[in-house]
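> predicted model and sequence below, questions to follow.
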Amino acid sequence: MNQHLSNAADNPVRAGFIGVGNFVSANHLPNAHASAKWSVEAICDVDEINRTRAGERYQPRCLTDRYQDLLTDPEIEVIFIGTRHDLHERLIRESAEHGKDVFVEKPMSKTWAETRAILKSIQDANTRLMVGYNRRFAPAMQMAKQVYRQRNAGKPTIWTYRAVDDAKLWPSWPMDVDIGGGKVMSEGCHFYDLACWFLEDEPHWVQCSGRRDDDNLIQIGFANGSQAMIVSGGAGSATYPKERMEVFCDSSTLVLDMFLELHTAGYAGCEDEHFPMQDDRDTASRDGHTIAGFRRRARRWAKSEIQAEELKRKTYAAYPKVDKGHIHELDAYADAIRAGEDSPCGVIDGARATAIALRAIESLDDQSRPQAICQSDYQYRDTSACLSTTSGE
């Protein structure tokens, strides 16, 4: 495992990016470029427009359409993988074989065979892998978990998460079950990881109803009796906040609304908290710290001339942004690398989220019956019959 003892800000981590489409270009590339903890050394994309655009903006030392150029570059420490999901396993495996640490966008894998191959690759190479489950790094989510843990750690809990937006804003490929795995996999994995991280418990079963590509309900049962319910879909309006978490435990309620407002009841000494929007430069204004303010901005966006063109291109770069942790996850990974520590969201976390997604898909195929989840589904080595009796597809 690559280890550098100096501080990340004094010795930035040298990164190479494979795949710089809309999401990476709007998040990871500008965030890494702006951070003193990272150095954008190389950019690779088979799409000439994406590659040229990123090269002109960030002026990397290496600009190429051959990802192998990044793997063989001795100066590059971390490979960022921002390709479509069906390429993740191969690129992770080859990066690990070349001794590189890896940052991969979610989901880490989308089949049992890919999960096994990635676990083996990372273990054999003794490299780090970081999965882009950014929400656990958001300041509002970090505070919500801290408040919850101080009173309710380990207690049976009802945890609910609503993530409903407008499907018109999504590209089509994540919904494709062969490329993106459908929304149960492609986006649902975010919330499976978040539930496990927030509750600090292991999933025992999952039940799913709805459709694999979009609009579904997922329920997860945990070892200590906690239950998570996730409402996911694209049937909502883009002008209404997409995400809301509600947590109920032992006569207490905690609600996090769109990473902007944290409300608590039954938590002694806790006051409601507000968090600024990511693009809010006027910190004196409360407009960017509230759900009402977000809705005003979203309605202005929806009326703008920009919005029509963005819907046509299936992106929303000008949409009001809240802080979902994208900047903080990169900082946390750089700090871990320079401290010689494990990834703060590693290969087991990625394998666990994929296992929940795959069992959720099995539940859909089995008339929405609950499906058991074993820890051997996402550990380094199989210790029970769970994976061994599952198909390799």
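Received, thanks.

> check contacts around the closest residue to residue 212 other than its chain neighbours.
Nearest non-adjacent residue to residue 212, counting by C-beta to C-beta, 6 or more residues apart in numbering: residue 182, 3.9 Å away. C-beta here means a position set from N, CA and C on the backbone, and glycine is covered the same way. Residues counted as contacts of residue 182 (C-beta atoms under 8 Å, 6 or more residues apart in numbering) are 174, 175, 176, 211, 212, 213, 214, 361.

> where's the fifth one, which helix or strand?
It refers to residue 212. Counting by DSSP states H and E, there is no helix or strand that carries residue 212.

> pretty sure residue 310 belongs to a strand, no?
No - counting by DSSP: H, G, I helix; E, B strand; the rest coil, residue 310 is located in no strand; its state is helix.

> state the distance from it to residue 318.
Applying C-beta to C-beta, to the nearest Å, the value for residue 310 to residue 318 is 6 Å.

> could you do residue 30 as well?
Taking C-beta to C-beta, one finds residue 30 at 15 Å from residue 318.

> do residue 367 as well
43 Å.

> so for these two, which residue has more residues nearby?
residue 318 (13 against 7; other C-beta atoms under 10 Å).

> what strand or helix carries the closest residue to that one other than its chain neighbours?
The shortest distance from residue 318 to any non-neighbouring residue, by C-beta to C-beta, 6+ apart, is to residue 306 (5.0 Å). Taking DSSP H and E as the criterion, residue 306 maps to helix 305-312.

> likewise residue 317?
Using DSSP H and E, no helix or strand contains residue 317.

> got it, and residue 299?
Going by DSSP H and E, residue 299 is in helix 291-303.

> specify the angle between that helix and helix 305-312 in degrees.
Going by axes from the mean of the first three to the mean of the last three C-alpha atoms, to 10 degrees, helix 291-303 is angled at 80 degrees with respect to helix 305-312.

> so, low pLDDT: which residues of the stretch 251-393 of the chain?
Applying pLDDT under 70 to the stretch 251-393 of the chain flags the ranges 280-288, 313-315, 381-393.

> show me where it has its strands.
Counting by DSSP state E, counting those that start in this stretch, the stretch 251-393 of the chain has strands at residues 253-257, 261-265, 273-274, 371-372.

> tabulate those (CSV), appending distance to residue 334 and mean neighbour count.
Shown next, in CSV, are these (distance: least, C-beta to C-beta, whole Å; neighbours: other C-beta atoms under 10 Å):
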stretch, distance to residue 334, mean neighbour count
strand 253-257, 26, 20
strand 261-265, 27, 18
strand 273-274, 27, 16
strand 371-372, 37, 16
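
> possible to save those strands as a markdown table with distance to residue 340?
What follows is these, written out as a markdown table (distance: least, C-beta to C-beta, whole Å):
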| stretch | distance to residue 340 |
| --- | --- |
| strand 253-257 | 33 |
| strand 261-265 | 34 |
| strand 273-274 | 34 |
| strand 371-372 | 37 |
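
> let me know the secondary structure of residue 144.
When classified by three-state DSSP, residue 144 comes out as helix.

> now it. Nearest residue, chain neighbours left out?
Nearest residue to residue 144 in three dimensions, chain neighbours excluded: residue 256, at 4.8 Å (C-beta to C-beta, 6+ apart).

> who's that neighbour bridged to?
With DSSP bridges as the criterion, residue 256 is bridged to residue 245, residue 262.

> give the contact list for it.
Contacts were defined as C-beta under 8 Å, 6+ apart; by that measure residue 256 touches 140, 141, 144, 244, 245, 262, 263.

> so the first one is in which element?
So the one you mean is residue 140. When elements are assigned from DSSP H and E, residue 140 belongs to helix 139-152.

> show me what secondary structure element comes after that helix.
From helix 139-152 onward toward the C-terminus, using DSSP H and E, the following helix or strand is strand 158-164.

> and the residue positioned nearest the centre of the chain, how far from residue 192?
Nearest to the geometric centre of the chain sits residue 133, at 2.4 Å (C-alpha atoms, centre = their mean). For residue 133, the distance to residue 192 equals 9 Å [C-beta to C-beta].

> common neighbours of those two, please.
residue 353.

> which stretches in the stretch 51-200 of the chain count as strands?
Using DSSP E, counting those that start in this stretch, the strands of the stretch 51-200 of the chain run over 62-64, 78-81, 101-104, 129-131, 158-164.

> just the CA trace of the last one, in PDB.
It refers to strand 158-164. Below are the C-alpha coordinates for strand 158-164, written out as PDB (Å, rounded to 0.1, in the frame of the first residue of the first chain):
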ATOM      1  CA  ILE A 158     -36.500   3.300  12.000                       C
ATOM      2  CA  TRP A 159     -34.400   5.000   9.300                       C
ATOM      3  CA  THR A 160     -36.200   6.400   6.200                       C
ATOM      4  CA  TYR A 161     -34.800   8.100   3.200                       C
ATOM      5  CA  ARG A 162     -36.700   9.700   0.300                       C
ATOM      6  CA  ALA A 163     -34.700  10.300  -2.900                       C
ATOM      7  CA  VAL A 164     -37.200  11.300  -5.600                       C
END
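
> show me what it is packed up against.
With contacts defined as 3 or more C-beta pairs under 8 Å, 6 or more residues apart in numbering; DSSP states H and E, the packing partners of strand 158-164 are helix 188-199, strand 227-233, strand 243-248.

> for it, which strands pair with it and how are they oriented?
Strand 158-164 sits in its sheet next to strand 227-233 (parallel), strand 243-248 (antiparallel), going by DSSP bridges.

> before I go, just wanted to say thanks for your time.
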